[in-house]
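Novice: generate a structure from the sequence data that follows.
(one chain, ligands or ions: 1)
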Amino acid sequence: MFCLRVLMCFGDKLEEPQIKQIENMQNNLVLGFRRYKHILKFFPRVGKIIFRNRWKELIELQREQRNIIIPLIEARRRAKEQKTEHGDELVVAYVDMLLNLELPEEKRNLNVGEIVALCSEFLSAGTDTTSTALQWIMANLVKNPSIQEKLYREIASAVGEKQSKVTDEEAVKEEDLQKIPYLKAVILEGLRRNPPGHFVLPHTAAEEVELNGYVIPKDTAINFMAGEIGLDPNVWEDPKEFRPERFLVEGSDKGVDFDITGSKEIKMMPFGAGRRICPAFALAMLHLEYFVANLIWHFQWNPVEGDDVDLSEKQEFATVMKNPLRSYLF
Ligand code: HEM
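Specialist: You can find the predicted model right below:
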(Lines give C-alpha, C1' and ligand atoms only; values in the text may rest on other atoms or scores of the structure.)
Protein backbone atom coordinates (compact mmCIF):
# COMPACT_ATOMS: atom_id res chain seq x y z
CA MET A 1 0.00 0.00 0.00
CA PHE A 2 2.84 2.38 0.87
CA CYS A 3 4.51 1.73 -2.55
CA LEU A 4 1.24 2.71 -4.23
CA ARG A 5 0.95 5.92 -2.19
CA VAL A 6 4.59 6.87 -2.97
CA LEU A 7 3.91 6.33 -6.67
CA MET A 8 0.75 8.44 -6.53
CA CYS A 9 2.50 11.15 -4.56
CA PHE A 10 5.78 11.50 -6.49
CA GLY A 11 4.77 9.87 -9.79
CA ASP A 12 7.88 7.73 -9.91
CA LYS A 13 8.54 4.05 -9.33
CA LEU A 14 11.25 4.31 -6.69
CA GLU A 15 13.58 1.47 -5.75
CA GLU A 16 12.58 -0.71 -2.79
CA PRO A 17 15.32 0.60 -0.38
CA GLN A 18 14.29 4.20 -1.05
CA ILE A 19 10.61 3.38 -0.41
CA LYS A 20 11.60 1.63 2.84
CA GLN A 21 13.59 4.70 3.89
CA ILE A 22 10.55 6.97 3.36
CA GLU A 23 8.28 4.48 5.12
CA ASN A 24 10.54 4.19 8.20
CA MET A 25 10.85 7.95 8.47
CA GLN A 26 7.07 8.46 8.17
CA ASN A 27 6.39 5.68 10.70
CA ASN A 28 8.75 7.31 13.21
CA LEU A 29 6.90 10.58 12.85
CA VAL A 30 3.40 9.07 13.03
CA LEU A 31 4.11 6.62 15.85
CA GLY A 32 6.05 9.28 17.74
CA PHE A 33 3.09 11.64 17.49
CA ARG A 34 1.84 10.84 20.99
CA ARG A 35 5.31 11.59 22.43
CA TYR A 36 5.57 14.93 20.68
CA LYS A 37 2.04 16.30 20.79
CA HIS A 38 2.36 17.41 24.43
CA ILE A 39 5.17 19.79 23.49
CA LEU A 40 2.99 21.72 21.09
CA LYS A 41 -0.48 21.26 22.55
CA PHE A 42 -0.14 23.05 25.87
CA PHE A 43 1.94 26.22 26.16
CA PRO A 44 4.31 25.46 23.25
CA ARG A 45 7.03 27.82 24.49
CA VAL A 46 7.21 26.21 27.93
CA GLY A 47 6.71 22.73 26.43
CA LYS A 48 9.84 23.14 24.32
CA ILE A 49 11.84 23.83 27.49
CA ILE A 50 10.29 21.16 29.72
CA PHE A 51 10.46 18.46 27.02
CA ARG A 52 13.80 19.69 25.67
CA ASN A 53 15.06 16.27 24.54
CA ARG A 54 11.81 15.36 22.82
CA TRP A 55 11.80 18.72 21.07
CA LYS A 56 15.32 17.98 19.75
CA GLU A 57 14.17 14.54 18.56
CA LEU A 58 11.22 16.08 16.72
CA ILE A 59 13.42 18.70 15.03
CA GLU A 60 15.83 15.95 13.98
CA LEU A 61 12.99 13.86 12.53
CA GLN A 62 11.66 16.83 10.60
CA ARG A 63 15.15 17.54 9.26
CA GLU A 64 15.41 13.92 8.10
CA GLN A 65 11.98 14.20 6.49
CA ARG A 66 12.96 17.31 4.54
CA ASN A 67 16.26 15.67 3.47
CA ILE A 68 14.35 12.73 2.03
CA ILE A 69 11.29 14.41 0.55
CA ILE A 70 12.71 17.66 -0.89
CA PRO A 71 14.99 15.85 -3.43
CA LEU A 72 11.93 13.87 -4.61
CA ILE A 73 9.94 17.08 -5.09
CA GLU A 74 12.82 18.74 -6.93
CA ALA A 75 13.35 15.66 -9.14
CA ARG A 76 9.69 15.77 -10.06
CA ARG A 77 9.85 19.51 -10.79
CA ARG A 78 12.80 18.90 -13.16
CA ALA A 79 11.10 15.89 -14.82
CA LYS A 80 8.00 17.99 -15.43
CA GLU A 81 10.00 20.84 -16.97
CA GLN A 82 11.97 18.48 -19.23
CA LYS A 83 8.86 16.59 -20.37
CA THR A 84 7.03 19.83 -21.13
CA GLU A 85 10.01 21.08 -23.15
CA HIS A 86 9.91 17.88 -25.24
CA GLY A 87 6.11 17.91 -25.43
CA ASP A 88 5.88 14.52 -23.69
CA GLU A 89 2.90 13.51 -21.55
CA LEU A 90 3.46 12.88 -17.85
CA VAL A 91 1.03 11.00 -15.59
CA VAL A 92 -0.19 13.54 -13.03
CA ALA A 93 1.11 12.97 -9.50
CA TYR A 94 -0.09 14.61 -6.26
CA VAL A 95 3.09 16.66 -6.03
CA ASP A 96 2.48 18.08 -9.55
CA MET A 97 -0.79 19.55 -8.37
CA LEU A 98 0.88 21.00 -5.29
CA LEU A 99 3.62 22.57 -7.43
CA ASN A 100 1.00 24.18 -9.71
CA LEU A 101 -1.30 25.30 -6.91
CA GLU A 102 -1.73 29.01 -6.36
CA LEU A 103 -3.31 30.14 -3.09
CA PRO A 104 -6.13 32.42 -4.31
CA GLU A 105 -6.14 34.84 -1.40
CA GLU A 106 -2.39 35.17 -0.94
CA LYS A 107 -1.70 34.91 -4.69
CA ARG A 108 1.37 32.75 -4.25
CA ASN A 109 2.45 29.15 -4.80
CA LEU A 110 3.07 26.77 -1.93
CA ASN A 111 6.56 26.92 -0.47
CA VAL A 112 8.65 23.78 -0.22
CA GLY A 113 7.97 23.33 3.53
CA GLU A 114 4.23 23.36 2.89
CA ILE A 115 4.60 20.83 0.06
CA VAL A 116 6.66 18.52 2.31
CA ALA A 117 3.94 18.71 5.00
CA LEU A 118 1.16 17.95 2.52
CA CYS A 119 3.07 15.01 0.98
CA SER A 120 3.69 13.68 4.48
CA GLU A 121 -0.02 13.94 5.30
CA PHE A 122 -0.94 12.20 2.04
CA LEU A 123 1.45 9.29 2.71
CA SER A 124 0.41 8.79 6.36
CA ALA A 125 -3.32 9.40 6.05
CA GLY A 126 -3.71 7.10 3.06
CA THR A 127 -1.69 4.04 4.00
CA ASP A 128 -2.61 2.57 7.39
CA THR A 129 -6.28 3.50 7.01
CA THR A 130 -6.66 1.62 3.73
CA SER A 131 -4.48 -1.38 4.64
CA THR A 132 -6.23 -1.72 8.04
CA ALA A 133 -9.67 -1.59 6.38
CA LEU A 134 -8.49 -4.23 3.91
CA GLN A 135 -7.30 -6.51 6.68
CA TRP A 136 -10.60 -6.22 8.57
CA ILE A 137 -12.63 -6.94 5.43
CA MET A 138 -10.52 -10.01 4.59
CA ALA A 139 -10.80 -11.20 8.20
CA ASN A 140 -14.58 -11.00 8.01
CA LEU A 141 -14.53 -12.90 4.71
CA VAL A 142 -12.35 -15.64 6.21
CA LYS A 143 -14.68 -15.83 9.22
CA ASN A 144 -17.74 -16.03 6.94
CA PRO A 145 -16.91 -18.53 4.15
CA SER A 146 -20.43 -18.43 2.67
CA ILE A 147 -20.09 -14.66 2.12
CA GLN A 148 -16.64 -15.19 0.59
CA GLU A 149 -18.10 -17.87 -1.71
CA LYS A 150 -20.98 -15.62 -2.74
CA LEU A 151 -18.57 -12.77 -3.48
CA TYR A 152 -16.40 -15.10 -5.56
CA ARG A 153 -19.44 -16.23 -7.59
CA GLU A 154 -20.52 -12.60 -8.14
CA ILE A 155 -17.03 -11.69 -9.37
CA ALA A 156 -16.97 -14.75 -11.63
CA SER A 157 -20.31 -13.86 -13.17
CA ALA A 158 -19.11 -10.30 -13.84
CA VAL A 159 -15.69 -11.10 -15.29
CA GLY A 160 -15.74 -14.86 -15.82
CA GLU A 161 -17.08 -14.82 -19.36
CA LYS A 162 -14.06 -13.04 -20.73
CA GLN A 163 -11.45 -14.34 -18.32
CA SER A 164 -10.55 -17.88 -17.37
CA LYS A 165 -8.44 -18.15 -14.23
CA VAL A 166 -6.67 -21.22 -15.61
CA THR A 167 -5.38 -19.62 -18.78
CA ASP A 168 -5.47 -15.93 -17.93
CA GLU A 169 -3.68 -14.42 -14.95
CA GLU A 170 -5.16 -10.98 -15.60
CA ALA A 171 -6.56 -9.00 -12.72
CA VAL A 172 -10.17 -7.96 -12.20
CA LYS A 173 -10.08 -4.53 -13.80
CA GLU A 174 -11.29 -1.19 -12.56
CA GLU A 175 -14.12 -1.13 -15.11
CA ASP A 176 -15.37 -4.53 -13.89
CA LEU A 177 -15.88 -3.31 -10.32
CA GLN A 178 -19.10 -1.43 -10.93
CA LYS A 179 -20.66 -4.64 -12.29
CA ILE A 180 -20.33 -6.27 -8.86
CA PRO A 181 -22.73 -4.56 -6.40
CA TYR A 182 -22.17 -7.29 -3.81
CA LEU A 183 -18.49 -6.28 -3.71
CA LYS A 184 -19.43 -2.71 -2.79
CA ALA A 185 -21.83 -4.07 -0.14
CA VAL A 186 -18.99 -6.16 1.36
CA ILE A 187 -16.67 -3.12 1.51
CA LEU A 188 -19.35 -0.91 3.11
CA GLU A 189 -20.20 -3.60 5.64
CA GLY A 190 -16.49 -3.94 6.47
CA LEU A 191 -16.20 -0.18 7.04
CA ARG A 192 -19.34 -0.21 9.19
CA ARG A 193 -18.41 -3.25 11.27
CA ASN A 194 -14.72 -2.46 11.70
CA PRO A 195 -13.87 1.12 10.68
CA PRO A 196 -10.12 1.85 10.80
CA GLY A 197 -10.81 5.02 12.80
CA HIS A 198 -13.23 5.05 15.75
CA PHE A 199 -12.90 8.83 15.92
CA VAL A 200 -12.42 11.52 13.29
CA LEU A 201 -9.82 14.30 13.53
CA PRO A 202 -10.54 16.82 16.30
CA HIS A 203 -12.98 19.55 15.20
CA THR A 204 -13.92 22.86 16.84
CA ALA A 205 -17.39 24.30 17.41
CA ALA A 206 -17.36 27.46 15.27
CA GLU A 207 -20.18 28.90 17.40
CA GLU A 208 -22.09 28.01 20.55
CA VAL A 209 -24.64 25.28 19.86
CA GLU A 210 -27.15 23.29 21.88
CA LEU A 211 -27.32 19.57 21.29
CA ASN A 212 -29.81 17.33 23.11
CA GLY A 213 -30.00 19.86 25.95
CA TYR A 214 -26.21 20.21 26.27
CA VAL A 215 -24.61 23.55 25.49
CA ILE A 216 -21.35 23.30 23.55
CA PRO A 217 -19.49 26.60 23.91
CA LYS A 218 -17.79 28.27 20.95
CA ASP A 219 -14.23 27.03 20.27
CA THR A 220 -14.71 23.77 22.18
CA ALA A 221 -12.67 20.89 20.75
CA ILE A 222 -15.10 18.15 19.75
CA ASN A 223 -14.92 14.71 18.25
CA PHE A 224 -17.42 12.09 17.07
CA MET A 225 -17.61 8.44 18.05
CA ALA A 226 -17.63 7.42 14.40
CA GLY A 227 -17.09 3.73 15.14
CA GLU A 228 -19.99 3.54 17.60
CA ILE A 229 -22.40 5.26 15.20
CA GLY A 230 -22.06 2.31 12.78
CA LEU A 231 -22.85 -0.15 15.58
CA ASP A 232 -25.95 1.58 16.92
CA PRO A 233 -28.65 -1.11 17.47
CA ASN A 234 -31.37 1.53 17.01
CA VAL A 235 -30.20 2.01 13.43
CA TRP A 236 -28.66 -1.34 12.44
CA GLU A 237 -30.28 -4.72 13.00
CA ASP A 238 -27.85 -7.14 14.71
CA PRO A 239 -25.05 -4.57 14.32
CA LYS A 240 -22.24 -6.95 15.32
CA GLU A 241 -23.07 -9.37 12.51
CA PHE A 242 -21.22 -9.10 9.22
CA ARG A 243 -24.11 -8.98 6.74
CA PRO A 244 -23.34 -7.19 3.43
CA GLU A 245 -26.91 -7.80 2.20
CA ARG A 246 -28.09 -4.92 4.43
CA PHE A 247 -26.58 -2.53 1.86
CA LEU A 248 -28.29 -4.08 -1.18
CA VAL A 249 -31.46 -2.46 -2.46
CA GLU A 250 -34.38 -4.30 -0.83
CA GLY A 251 -32.12 -7.21 0.02
CA SER A 252 -31.73 -8.08 -3.68
CA ASP A 253 -28.52 -8.22 -5.73
CA LYS A 254 -29.67 -5.30 -7.89
CA GLY A 255 -27.44 -2.61 -6.50
CA VAL A 256 -26.27 -0.55 -3.58
CA ASP A 257 -27.99 2.68 -2.66
CA PHE A 258 -26.01 4.14 0.20
CA ASP A 259 -24.61 7.63 0.65
CA ILE A 260 -21.25 7.19 2.38
CA THR A 261 -20.81 10.97 2.63
CA GLY A 262 -23.82 11.22 4.98
CA SER A 263 -25.18 14.25 3.14
CA LYS A 264 -28.80 13.04 3.52
CA GLU A 265 -28.57 11.18 6.83
CA ILE A 266 -25.69 9.82 8.89
CA LYS A 267 -26.01 6.11 9.69
CA MET A 268 -22.26 5.57 9.79
CA MET A 269 -19.28 7.80 9.08
CA PRO A 270 -16.05 5.86 8.51
CA PHE A 271 -14.71 8.78 6.44
CA GLY A 272 -16.19 11.53 8.61
CA ALA A 273 -18.92 13.78 7.19
CA GLY A 274 -19.44 17.34 6.02
CA ARG A 275 -16.81 19.78 4.84
CA ARG A 276 -13.91 17.97 6.50
CA ILE A 277 -14.85 14.50 5.24
CA CYS A 278 -11.84 12.46 4.11
CA PRO A 279 -10.94 14.07 0.76
CA ALA A 280 -9.90 10.66 -0.59
CA PHE A 281 -13.01 8.63 0.32
CA ALA A 282 -13.77 7.78 -3.33
CA LEU A 283 -10.18 6.75 -3.96
CA ALA A 284 -10.16 4.61 -0.79
CA MET A 285 -13.41 2.89 -1.84
CA LEU A 286 -11.98 2.22 -5.30
CA HIS A 287 -8.75 0.75 -3.92
CA LEU A 288 -10.58 -1.41 -1.38
CA GLU A 289 -12.92 -2.75 -4.09
CA TYR A 290 -9.99 -3.40 -6.42
CA PHE A 291 -7.82 -5.18 -3.84
CA VAL A 292 -10.63 -7.27 -2.32
CA ALA A 293 -11.95 -8.30 -5.77
CA ASN A 294 -8.53 -9.49 -6.86
CA LEU A 295 -7.62 -11.21 -3.60
CA ILE A 296 -10.90 -13.17 -3.71
CA TRP A 297 -10.76 -13.82 -7.46
CA HIS A 298 -7.27 -15.32 -7.36
CA PHE A 299 -7.29 -17.15 -4.01
CA GLN A 300 -9.56 -18.96 -1.62
CA TRP A 301 -8.93 -17.72 1.92
CA ASN A 302 -9.28 -20.14 4.85
CA PRO A 303 -8.68 -19.84 8.58
CA VAL A 304 -5.58 -21.58 9.87
CA GLU A 305 -6.71 -24.88 11.41
CA GLY A 306 -7.87 -24.56 15.01
CA ASP A 307 -7.58 -20.77 14.76
CA ASP A 308 -10.87 -18.90 14.99
CA VAL A 309 -10.58 -15.45 13.40
CA ASP A 310 -10.38 -13.10 16.37
CA LEU A 311 -12.02 -9.71 15.76
CA SER A 312 -10.63 -8.08 18.93
CA GLU A 313 -9.35 -4.55 18.38
CA LYS A 314 -6.19 -2.69 19.33
CA GLN A 315 -5.64 1.06 19.10
CA GLU A 316 -2.62 2.14 17.05
CA PHE A 317 -2.61 4.99 14.50
CA ALA A 318 -5.72 3.16 13.24
CA THR A 319 -7.90 0.63 15.11
CA VAL A 320 -6.15 -2.57 14.02
CA MET A 321 -6.72 -6.28 14.65
CA LYS A 322 -5.32 -7.18 18.06
CA ASN A 323 -4.39 -10.61 16.66
CA PRO A 324 -3.56 -10.06 12.98
CA LEU A 325 -5.35 -12.26 10.46
CA ARG A 326 -3.73 -15.66 9.90
CA SER A 327 -4.98 -17.46 6.86
CA TYR A 328 -3.90 -20.00 4.25
CA LEU A 329 -4.64 -19.78 0.59
CA PHE A 330 -5.62 -22.17 -2.19
C1 HEM B 1 -10.32 3.25 4.15
C2 HEM B 1 -9.53 4.29 4.02
C3 HEM B 1 -9.71 5.61 4.70
C4 HEM B 1 -10.47 5.96 5.79
C5 HEM B 1 -11.39 5.06 6.61
C6 HEM B 1 -10.24 7.37 6.03
C7 HEM B 1 -10.86 8.10 7.05
C8 HEM B 1 -10.63 9.43 7.30
C9 HEM B 1 -11.26 10.19 8.36
C10 HEM B 1 -12.25 9.62 9.37
C11 HEM B 1 -10.78 11.45 8.30
C12 HEM B 1 -11.13 12.61 9.23
C13 HEM B 1 -12.41 13.31 8.80
C14 HEM B 1 -12.87 14.32 9.79
O15 HEM B 1 -12.09 14.77 10.63
O16 HEM B 1 -14.05 14.68 9.79
C17 HEM B 1 -9.84 11.51 7.20
C18 HEM B 1 -9.11 12.63 6.83
C19 HEM B 1 -8.17 12.65 5.84
N20 HEM B 1 -7.86 11.63 4.96
FE21 HEM B 1 -8.70 9.80 4.94
N22 HEM B 1 -9.36 7.85 5.11
C23 HEM B 1 -9.00 6.82 4.27
C24 HEM B 1 -8.15 6.88 3.18
C25 HEM B 1 -7.44 7.99 2.81
C26 HEM B 1 -6.55 8.06 1.67
C27 HEM B 1 -6.31 6.91 0.70
C28 HEM B 1 -6.00 9.31 1.67
C29 HEM B 1 -5.00 9.93 0.71
C30 HEM B 1 -4.35 9.29 -0.22
C31 HEM B 1 -6.57 10.03 2.78
C32 HEM B 1 -6.27 11.34 3.09
C33 HEM B 1 -6.87 12.06 4.12
C34 HEM B 1 -6.51 13.42 4.46
C35 HEM B 1 -5.45 14.28 3.76
C36 HEM B 1 -7.32 13.81 5.54
C37 HEM B 1 -7.33 15.14 6.29
C38 HEM B 1 -8.35 16.07 5.67
C39 HEM B 1 -8.47 17.40 6.47
O40 HEM B 1 -7.56 17.73 7.21
O41 HEM B 1 -9.48 18.05 6.30
N42 HEM B 1 -7.44 9.21 3.44
N43 HEM B 1 -9.77 10.27 6.58
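Novice: now the strands for the stretch 201-330 of the chain?
Specialist: 203-204, 209-211, 214-216, 221-222, 301-303, 313-315, 319-321, 327-329 (DSSP state E, counting those that start in this stretch).
Novice: quick one: closest of those to the ligand.
Specialist: strand 203-204 (6.3 Å; C-beta to the nearest ligand atom). C-betas here are computed from N, CA, C, even on glycine.
Novice: so which bits of the stretch 201-330 of the chain are right by the ligand?
Specialist: Leu201, Pro270, Phe271, Gly272, Arg276, Ile277, Cys278, Pro279, Ala280, Leu283, Ala284 (C-beta under 6 Å from any ligand atom).
Novice: mind giving me the ChimeraX select for the residues you listed, buried ones only?
Specialist: Only the buried entries of these go into this ChimeraX selection, using 16 or more other C-beta atoms under 10 Å:
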select :270,271,272,277,278,280,284
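Novice: deepest-packed of the strands of the stretch 201-330 of the chain, please.
Specialist: strand 319-321 (a mean of 18; mean count of other C-beta atoms under 10 Å).
Novice: by contact count, what packs against that strand?
Specialist: Contacts defined by 3 or more C-beta pairs under 8 Å, 6 or more residues apart in numbering; DSSP states H and E place strand 319-321 against helix 112-143, strand 313-315.
Novice: any idea of the mean pLDDT for it?
Specialist: Average pLDDT, strand 319-321: 94.
Novice: what do you get for stretch 224-237?
Specialist: Here the average pLDDT along stretch 224-237 is 95.
Novice: the residues of the stretch 201-330 of the chain next to the ligand: which two are farthest apart?
Specialist: Leu201 and Leu283 (17.8 Å; C-beta to C-beta).
Novice: picking up where we left off before, ranking the helices and strands packed on strand 319-321 by mean pLDDT, which is last?
Specialist: strand 313-315 (a mean of 92).
Novice: name the residues that touch that strand?
Specialist: Under the contact criterion C-beta atoms under 8 Å, 6 or more residues apart in numbering, strand 313-315 has outside partners Asn194, His198, Thr319, Val320, Met321, Lys322.
Novice: can I assume the third one is in contact with Leu191?
Specialist: So the one you mean is Thr319. No - taking contacts as C-beta atoms under 8 Å, Thr319 lies outside contact range of Leu191: 11.8 Å.
Novice: just to revisit the earlier point, could you list which of the residues of the stretch 201-330 of the chain next to the ligand belong to helices?
Specialist: Counting by DSSP state H, the part of those found in helices is Leu283, Ala284.
Novice: redo the residues of the stretch 201-330 of the chain next to the ligand as JSON lines? Include pLDDT.
Specialist: As requested, those are arranged in JSON lines below (pLDDT from 0 to 100):
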{"residue": "Leu201", "pLDDT": "92"}
{"residue": "Pro270", "pLDDT": "97"}
{"residue": "Phe271", "pLDDT": "97"}
{"residue": "Gly272", "pLDDT": "96"}
{"residue": "Arg276", "pLDDT": "92"}
{"residue": "Ile277", "pLDDT": "96"}
{"residue": "Cys278", "pLDDT": "97"}
{"residue": "Pro279", "pLDDT": "95"}
{"residue": "Ala280", "pLDDT": "96"}
{"residue": "Leu283", "pLDDT": "96"}
{"residue": "Ala284", "pLDDT": "97"}
